[in-house]
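Peer 1: Sharing a sequence plus its predicted fold:
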Amino acid sequence: MAHFFDIVFDIPAEQSFTYEIDEKGQASAGKRAMVPFGQRDLLGYVTSERENLPDGIKIETVKKIRRVVDEEPLFGSNDVEIARWMAGYYLCSTGQALAAMIPSGRKMIHPALPDSEEETEPSLSISDEQAAALSAITVSSGAPVSALPQMFYLYGITGSGKTEVFLRAAQFMLNAGKSVIYLVPEISLTHQTAKMINNRFGSQAATLHSGMSPSVRLAEWMRIRRGDAPIVVGPRSAVFAPVPNLGLIIIDEEHDSSYKSGSTPRYHARQVALRRCSQEGARLVMGSATPSVEAWKLMSEGSITRLNLSRRLSGGGMPEIKAVSLAKAEGCLTKELKDEIRLTAQMGRQTILFLNRRGFAHFYQCPDCLWEQTCRRCSVSLTWHKARGRCVCHYCGYSEAPPSSCPACGSVQAGYRGFGTEMIEEEVKRSFPDLHLRRVDADTAENKSVYAGGLEETLTLFKKGMIDILLGTQMVAKGLNFPGVRLVGVVFADTGLHLPDFRAAERTFSLIVQVAGRAGRYFPDSKVIVQTLRMEDPVITRSCALDIPGFYNAELKQREMLGFPPFSRIIRFTIRAKDEKRAETAIKRLASFANPLIPPGSDILGPAECPIGIINNNFRRQLILRGPSMGTLHGAARQILARYEKGKDTKTYLEIDVDPVSML
């Protein structure tokens, strides 16, 4: 039996600490343990066992493990290897990476197993394109594994049957005795996909997501680790599922930015999936109607095998998409959109209205002096929420009542400008009092007392045809399949276009094409109306024409000209501090270390204020390293960090984002 154990912690220190075995002798690699650390007890992860102490460490300085938390190991050597790779790539510690991977529950409460214990075979036959795609994914499964995994991309219009190919590829792997991880972008889609997978695979399936209690998640984790659930579905953190004998990782809606973590370690599930597949000899299959620009470039170069699905399978055709100017509209809905809503209802069909902005109005402003009501803690406008009677910050949650007159000039003309989902809801109810409307956004998801049952119940009722109009934010744009939808209205297509982020055009294009894809999956007469103030903008014209190659080719040309990904790699350093001078001093200090270390062919953007300069009373400053390859940037970043950490101001906080997806 080993006497000593190396333990890492969820702290930004890239080293392990050696401890002596606990009194009961329960410690082993892969378990969590409570140990004395400085003046406190801390939860650590046992990464390895050793007979002898490391060189230079004396037995009298070694502390004893106080208590072992787990009865059986939670993680194995593969997981530690992934955590070490993440630490190197995302510039965090191995302990921080393991903490992101492993459920935090202490005791296990077993989840209810799915209703369907029976496996059900798919009844529908598949098209020639689907069969060819499936064959490509499965045919060379026995081939020797190269250093890079085989990567496939199911590229097809919405409704072209990508899901069925995913499920059959999963079945093939299960039949071969291998495990499958099926990633979806958000928890709202996890429920729908989990239901489908439970119907197909019964108790072989498990779900992992952050909406589960830690104890239930831990129980699922152990069921997966024991091999009782060889197919796992969930959002980005499910990429760490401890499946034995991994054969396939599926990334549905690969383009979606929610695959990127917003807190340390800021990993991207696509990158982790790629690493796991190459480490464990599995294959990677991604899919979307609107691939990320990076994936499009890799497909064009042949690094990813593109598998095309070009037609809708349920009798539907691609919708007619029309851009309509909002410039002369009275209110939020144009005459064209109102006429189509009425016609759609008369046909006994359904409408989805999409606006990626919640609240009643976008901001509260004085037209005389242009004073604007902004958050006291963030450098953003407050959004007027009429139902609450408050102006709310969507970044920190701060709220206050709108003033009765302008605090700057006294004008009583001050009022709300722009519109959000609440205002659209009012206008739709006014215009169509006889139609049944439901709103789906972050506010309704949180407030179940007012919006009974929340998101799942609303989507179920809509699917059954009991709701005429579904109004929502991007929750309604992703992956959902509703047979009765004839009309989709994009209420205001321009919301994301003005953002100071090089991915703004890509996001806007993707959202319009994705939400348009909710229309006409089963009927050939569907319509999409895109309301805009920028009728001539190439993003609007190309998305309405469904000119997908045209958009990507133009976007790639622009990115190449400006030197942005995928033609460069980026590491973003963000300093946060409660005091503005501290933030300024810290970012300048960081830049002073960075300038002499920047590799040839690379450059530094900044130091500068972040596009959103203050969030929750924290002043934000950024420095961006940009270069042709991540290898050279990593080397420079590590040296910069080593110098910066010595003597840094403890009242400032540094965030490191490798391959950032948002630059705000």
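Peer 2: That came through fine.

Peer 1: Could you use CA atoms for every contact and neighbour count after this?
Peer 2: OK.

Peer 1: For the stretch 1-150 of the chain, just list every one of the strands.
Peer 2: 4-9, 17-20, 32-37, 40-50, 67-68 (DSSP state E, counting those that start in this stretch).

Peer 1: Minimum distance to Arg507: which of those has it?
Peer 2: strand 4-9 (36.5 Å; C-alpha to C-alpha).

Peer 1: Give me the domain ranges for this structure.
Peer 2: Domain assignment of the chain by automatic domain parsing yields the ranges 4-101, 128-309, 320-360+419-558, 569-658.

Peer 1: a markdown table for the ones you listed, including mean neighbour count and mean pLDDT?
Peer 2: Formatted as a markdown table, these follow (neighbours: other C-alpha atoms under 10 Å; pLDDT from 0 to 100):
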| stretch | mean neighbour count | mean pLDDT |
| --- | --- | --- |
| domain 4-101 | 18 | 93 |
| domain 128-309 | 20 | 90 |
| domain 320-360+419-558 | 19 | 83 |
| domain 569-658 | 18 | 92 |
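
Peer 1: So what touches stretch 300-313?
Peer 2: Residues outside stretch 300-313 that contact it (C-alpha atoms under 8 Å, 6 or more residues apart in numbering): 127, 129-130, 133, 150-162, 295, 298-299, 317-318, 521.

Peer 1: Show me those residues that map onto strands.
Peer 2: Counting by DSSP state E, those place Met151, Phe152, Tyr153, Leu154, Tyr155, Gly156 in strands.

Peer 1: Surely the fourth one touches Leu284?
Peer 2: This points to Leu154. No. Applying C-alpha atoms under 8 Å as the test, Leu154 and Leu284 come out as separate, 10.9 Å apart.

Peer 1: Would you enumerate the residues in contact with Cys277?
Peer 2: By C-alpha under 8 Å, 6+ apart, the neighbours of Cys277 are Pro149, Leu246, Leu248, Ile249, Arg283, Leu284.

Peer 1: Can you pick out the most distant pair from the residues you listed?
Peer 2: Applying C-alpha to C-alpha across the contacts of Cys277, the maximum distance is between Pro149 and Leu246, 12.2 Å.

Peer 1: what residues do these two have in common as contacts?
Peer 2: With C-alpha under 8 Å, 6+ apart, Pro149 and Leu246 have common neighbours Cys277, Gly281, Ala282.

Peer 1: Reformat the residues you listed as TSV; add distance to Gly105.
Peer 2: Below are the shared contacts of Pro149 and Leu246 laid out as TSV (distance: C-alpha to C-alpha, whole Å):
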residue	distance to Gly105
Cys277	27
Gly281	30
Ala282	29
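
Peer 1: Among those, which one lies nearest to Gln171?
Peer 2: Once C-alpha to C-alpha is applied, the member of these that ends up nearest Gln171 is Ala282, at 14.7 Å.

Peer 1: residues touching that closest one, list them.
Peer 2: So Ala282 contacts Pro149, Gln150, Leu246, Gly247, Leu248, Ile249, Arg276 (C-alpha under 8 Å, 6+ apart).

Peer 1: contacting residues around His634?
Peer 2: Tyr89.

Peer 1: Can you name the helix or strand that it falls in?
Peer 2: When elements are assigned from DSSP states H and E, His634 belongs to helix 630-645.

Peer 1: what's Arg621 in contact with, if anything?
Peer 2: Contacts for Arg621 (C-alpha under 8 Å, 6+ apart) come out as Thr574, Ile575, Arg576, Ala583, Glu584, Ile587, Pro607, Ala608, Glu609, Cys610, Gly613.

Peer 1: My guess is the fourth one contacts Arg576. True?
Peer 2: Yes. Counting by C-alpha under 8 Å, Arg576 is a contact partner of Ala583 at 6.2 Å.

Peer 1: any shared contact partners between these two?
Peer 2: Phe619, Arg620, Arg621, Thr652.

Peer 1: Bridge partners for the last one, pull those for me.
Peer 2: Taking DSSP bridges as the rule, Thr652 bridges to Ala577.

Peer 1: Check the spacing between it and Phe573 real quick.
Peer 2: Distance of Thr652 to Phe573, computed by C-alpha to C-alpha, to the nearest Å: 13 Å.

Peer 1: Would you point out which residue is most central in this structure?
Peer 2: Ser258 (0.7 Å; C-alpha atoms, centre = their mean).

Peer 1: Now for that residue: which residues touch it?
Peer 2: The contact partners of Ser258, by C-alpha under 8 Å, 6+ apart, come to Pro185, Glu186, Arg236.

Peer 1: which SS class is the first one?
Peer 2: Pointing back at Pro185 there. coil (DSSP: H, G, I helix; E, B strand; the rest coil).

Peer 1: Among the contacts of Arg621, which lie within strands?
Peer 2: Per DSSP E, the subset of the contacts of Arg621 in strands is Thr574, Ile575, Arg576, Pro607, Ala608, Glu609, Cys610, Gly613.

Peer 1: The second one contacts Glu655, doesn't it?
Peer 2: So the one you mean is Ile575. Yes. In this structure Ile575 lies within contact range of Glu655 using C-alpha under 8 Å: 6.4 Å.

Peer 1: now for whichever strand or helix holds Met173, which elements pack on it?
Peer 2: Using DSSP H and E, Met173 maps to helix 162-175. When contacts are defined as 3 or more C-alpha pairs under 8 Å, 6 or more residues apart in numbering; DSSP states H and E, helix 162-175 packs onto helix 128-139, strand 179-183, strand 246-252.

Peer 1: if we can go back for a sec, tell me which of the contacts of Ala282 is nearest to Glu340?
Peer 2: Within the contacts of Ala282, proximity to Glu340 (C-alpha to C-alpha) peaks at Ile249, which comes in at 41.3 Å.

Peer 1: Now do stretch 285-305: distance from first to last residue.
Peer 2: 9 Å.

Peer 1: same thing with stretch 166-183?
Peer 2: End-to-end distance of stretch 166-183 (C-alpha to C-alpha): 11 Å.

Peer 1: how near is Glu336 to Leu326?
Peer 2: 10 Å.

Peer 1: Also Thr650?
Peer 2: According to C-alpha to C-alpha, Thr650 stands 50 Å off from Leu326.

Peer 1: Leu53 now?
Peer 2: 72 Å.

Peer 1: before we move on, what about Leu461?
Peer 2: 31 Å.

Peer 1: all strands of the stretch 351-500 of the chain, in order?
Peer 2: In the stretch 351-500 of the chain, the segments counted as strands under DSSP E, counting those that start in this stretch are 363-365, 383-385, 390-392, 399-400, 415-417, 437-440, 469-472, 485-490.

Peer 1: Dump those strands into TSV; add distance to Ser203 as well.
Peer 2: Output for those, formatted as TSV (distance: least, C-alpha to C-alpha, whole Å):
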stretch	distance to Ser203
strand 363-365	49
strand 383-385	44
strand 390-392	44
strand 399-400	46
strand 415-417	52
strand 437-440	31
strand 469-472	33
strand 485-490	33
